[in-house]
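**Q** Have a look; sequence and predicted model below, questions after that.
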Amino acid sequence: MQELPLNIPEGSRKEVMTYLEPFMLNEMSEYLKPVEEMWQPADFLPDASRSTFFEEVRELQESAKELPYDLVAVLIGDTVTEEALPTYESWLTMVEDVEKNEQGGWMKWVRAWTAEENRHGDLLNKYLYLSGRVDMRQFEISTQYLIQDGFDIGTGADPYRNFIYTSFQELATNVSHRRVAGISKKSGDKLLAKMCGVIAADEARHAKAYMSFISHAIEVDPSEVMLAFEDMMRKKIVMPAHFLREAGEPQGEAFAHFSDAAQRLEVYTALDYVDILKTLNEEWNIDKVSHLNDKGEKARDYLMKLPDRLTRLADRIKVPEKEYKFKWIHG
């Protein structure tokens, strides 16, 4: 790294976020697409105005019948996660040290990101409804619970931890949707494969945006960003649906079973968690960051050694082999 581009006092997040705002405005078009050029849920679903509507629904249901039980469970968990978007938007607007002007870079980004993400839950929700395999009332109860329960992801209102978390989470969501797409295609459901594929592509674009925000921040406040990254990884990145539950169950009960199903299918595993950490270490050039204070250096050492340690732990994880019977799924 060259000399720091700004004379910003170490840890002065407000000054850093003011510095980042032009990047958010200028780079938005790189990571978000114009509304009228984007796919919409109606592009993939049967059209009720056509005479072939019921035939198309029957075809959709025939393909959905072939999906493995665990895959349907993972798809439902992914959809509930997407439908809890109000929680994520409200969390993003509570970030401190950013200009809350409605036309400022941060608020424009939050609204545009939310608008794109909103399509994901809309699409998957309608697919689940039409598939005939899902008890929609049970699904809707879980969705309402997750929005009501919120989440506890360890970021507080800190912008650095926020961007680190979203970078990690968008990459994880991309992996999950891509893998569901692949298994769906092998199972003969080409429509679901296509749907999850376009959602995964959105998540990849969004991940690049949040990673870019951190790349800019680490140039001007390297030690504090490094310490925030270390803190998030020590606490572990928890998924936004970690309070997921079914009717009559305590918080998080369904999430544990959902996670087991994802591990059994290898949709999202402990090794994927390690790979995402490696990706972030490489993307942010953690091994090359300069101008670190003593605490920053120690944080860097921890982050560079962490993937090997987590890989050893991942190899010891035993996933229950037996499928859990969810209330969400008919039969």
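**A** Arrived safely, thanks for sending.

**Q** Please report phi then psi for Ile329.
**A** Main-chain torsions, Ile329, degrees, to the nearest 10: phi -110, psi 130.

**Q** Helices of this protein, residue ranges please.
**A** For the chain, the helices defined by DSSP state H cover 13-31, 53-65, 69-83, 85-93, 105-131, 136-149, 159-186, 190-220, 222-235, 253-265, 270-283, 294-314.

**Q** just these: most buried one?
**A** helix 69-83 (a mean of 24; mean count of other C-beta atoms under 10 Å). Any C-beta I mention is one placed from the backbone N, CA and C, and that applies to glycine too.

**Q** and that one, what does it pack onto?
**A** Judged by 3 or more C-beta pairs under 8 Å, 6 or more residues apart in numbering; DSSP states H and E, helix 69-83 is in contact with helix 105-131, helix 136-149, helix 159-186, helix 253-265.

**Q** Any idea which of the ones you listed gets closest to Ile276?
**A** Of all the helices and strands packed on helix 69-83, it is helix 159-186 that lies closest to Ile276, at 4.8 Å by C-beta to C-beta.

**Q** Could you list every helix and strand in contact with the closest one?
**A** Secondary elements touching helix 159-186 (3+ C-beta pairs under 8 Å, 6+ apart): helix 13-31, helix 69-83, helix 190-220, helix 222-235, helix 253-265, helix 270-283.

**Q** one more time with 6 Å, if that's ok
**A** helix 190-220, helix 222-235, helix 270-283 (3 or more C-beta pairs under 6 Å, 6 or more residues apart in numbering; DSSP states H and E).

**Q** Mind checking those helices for the one nearest to Leu310?
**A** Comparing these by C-beta to C-beta, helix 270-283 comes nearest, at 4.7 Å.

**Q** which residues touch that closest one?
**A** Under the contact criterion C-beta atoms under 6 Å, 6 or more residues apart in numbering, helix 270-283 has outside partners 168, 171-172, 175, 211, 307, 310-311, 314, 317.

**Q** Tell me the backbone dihedrals of the residue lying farthest from the centre of the chain, please.
**A** Computed with C-alpha atoms, centre = their mean, the residue of the chain farthest from its C-alpha average is Ser51, at 37.7 Å. Dihedral pair for Ser51: phi -70, psi -20, per degrees, to the nearest 10.

**Q** gap between it and Leu60?
**A** Per C-beta to C-beta, to the nearest Å, Ser51 is found 16 Å from Leu60.

**Q** Just checking, which helix or strand of the chain averages the lowest pLDDT?
**A** Within the chain, no helix or strand scores below helix 13-31, which has a mean of 86 by mean pLDDT, DSSP states H and E.
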